[in-house]
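J.: Turn this into a structure:
(2 chains)
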Protein chains: 2
Amino acid sequence: MTAKLFVCTTCRAGESVVEGQPVPGRRLYTLLTSQSLPSGLEIIPVECLSACNNGCVIALSASGRWSYVYGRLTEQDAPDILAGAEAYAATPDGLVPWRQRPQIFRKQSLARLPPQEN
Amino acid sequence: MTAKLFVCTTCRAGESVVEGQPVPGRRLYTLLTSQSLPSGLEIIPVECLSACNNGCVIALSASGRWSYVYGRLTEQDAPDILAGAEAYAATPDGLVPWRQRPQIFRKQSLARLPPQEN
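T.: Numbering: from 1, shown residues only, chains lettered A, B, ... in the order given. Predicted coordinates:
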C-alpha cells in the first residue's frame, strides 16, 4: 500500500498573495515533486487542509495506518519532509519511532488520526 | 458505515494534572458518552491526538470520507460537538455544508484530511 503525502497547495503561510505568483504551499508542492521520491510514496496536491493559521501544511496517510498532519513548514524543510515521509512509508502502522522522526515532525505536529477501518 | 468521533482522553488543556482527578480530555469523553448518541456515530477514546497545544481535541473520521480535527474544546461544547458529529455522520463524504456546521467546527478546525483509499 502506497503512503500518501498530501501537500496543501493553497497555504499562504502569512504571505500576501501576488497575482500570477504561486503561494507558498504551491511552491512547496512544486519543490517536493521535483525531487526523486522514496519508494512507496505518492505526493498529492490538496486544496486546503483546513489548518490555515499554521501553513504550510502537509499530511501523511495510508490505509490501515495512523495519519499525521504537520504545519509551519517552508521550502527549506523539503529534504526533512521527504526523509520523514520515507520513514513513514516504511512502517506497517504509520508509527515511526520518535528518535527517527525529523525534528520538524517532532516539533510541528498539528494532529494525528487513528487508522480507518477498511 | 459508522462515523467515528475520536476524543483525546489525555488532553490537559492547560490545566495542571491533579492525581486521581480526570484530565479535561477524559472529562469531555465521559460527558459525551453519557449522552444519547446520534445514529451512525461511535465515540472512541484515543490516547493523544498529537495536538497538545490545542486541547481538548476531537476528530471525526469514516471510511471514504474526509476527516476533521477540532481543538480548544471544553465540556460546554458537548452539545455542539454531538450536533456537528450527527451532521457529519449523515454525509456520504464528510463534507457538511459550511452553514450547517456548529460554530466551534467553523472556527476551531485544526486540520482536515482527504478520504483514504480502501
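
J.: now stretch A:69-83, how far from the centre of its chain.
T.: 7 Å (Cα atoms, centre = their mean, to the nearest Å).

J.: And it, end to end?
T.: End-to-end span of stretch A:69-83 (Cα to Cα, to the nearest Å): 15 Å.

J.: Show me what the mean pLDDT comes to for it.
T.: What stretch A:69-83 shows for mean pLDDT is 97.

J.: And that stretch, what's buried?
T.: By 16 or more other Cβ atoms under 10 Å in any protein chain shown, the buried positions in stretch A:69-83 come out as A:69-73, A:77-78, A:80-83. C-beta: built from backbone N, CA, C; applies to glycine.

J.: what does chain A put close to chain B?
T.: Residues of chain A lying close to chain B by Cβ under 8 Å from any Cβ of the partner chain are A:4, A:6, A:44, A:46, A:48-51, A:57, A:59, A:61-63, A:67-69, A:71, A:109-114, A:116-118.

J.: out of the buried residues of stretch A:69-83, which one sits closest to B:Leu95?
T.: Checking the buried residues of stretch A:69-83 against B:Leu95 by Cβ to Cβ gives A:Val69 as the nearest, at 17.9 Å.

J.: what lines up beside the helix or strand harbouring the closest one in the sheet?
T.: Here A:Val69 sits within strand A:67-70, counting by DSSP states H and E. Applying DSSP bridges, strand A:67-70 is found paired with strand A:58-61 (antiparallel), strand A:109-113 (antiparallel).

J.: picking up where we left off before, in helices, which of the buried residues of stretch A:69-83 appear?
T.: Of the positions in the buried residues of stretch A:69-83, A:78, A:80-83 sit in helices, assigned by DSSP state H.

J.: so who does A:Leu37 touch?
T.: Contacts for A:Leu37 were tallied using Cβ atoms under 8 Å, 6 or more residues apart in numbering or on different chains; they are A:43, A:82.

J.: most remote residue from chain A's center?
T.: Distance from the C-alpha centroid of chain A, by Cα atoms, centre = their mean, peaks at A:Glu19 (25.3 Å).

J.: Return the residues in contact with that one.
T.: Counting by Cβ under 8 Å, 6+ apart, A:Glu19 has no contacts.

J.: and the most centrally placed residue in chain A, what are its bridge partners?
T.: Nearest to the geometric centre of chain A sits A:Ile58, at 2.7 Å (Cα atoms, centre = their mean). Beta-bridge partners for A:Ile58, by DSSP bridges, are A:Val7, A:Tyr70.

J.: isn't it right up against A:Ile81?
T.: Yes. Judged on Cβ atoms under 8 Å, A:Ile58 makes contact with A:Ile81 at a distance of 6.2 Å.

J.: The residue farthest from the centre of chain A: helix or strand, and which one exactly?
T.: Counting by DSSP H and E, A:Glu19 is found in no helix or strand.
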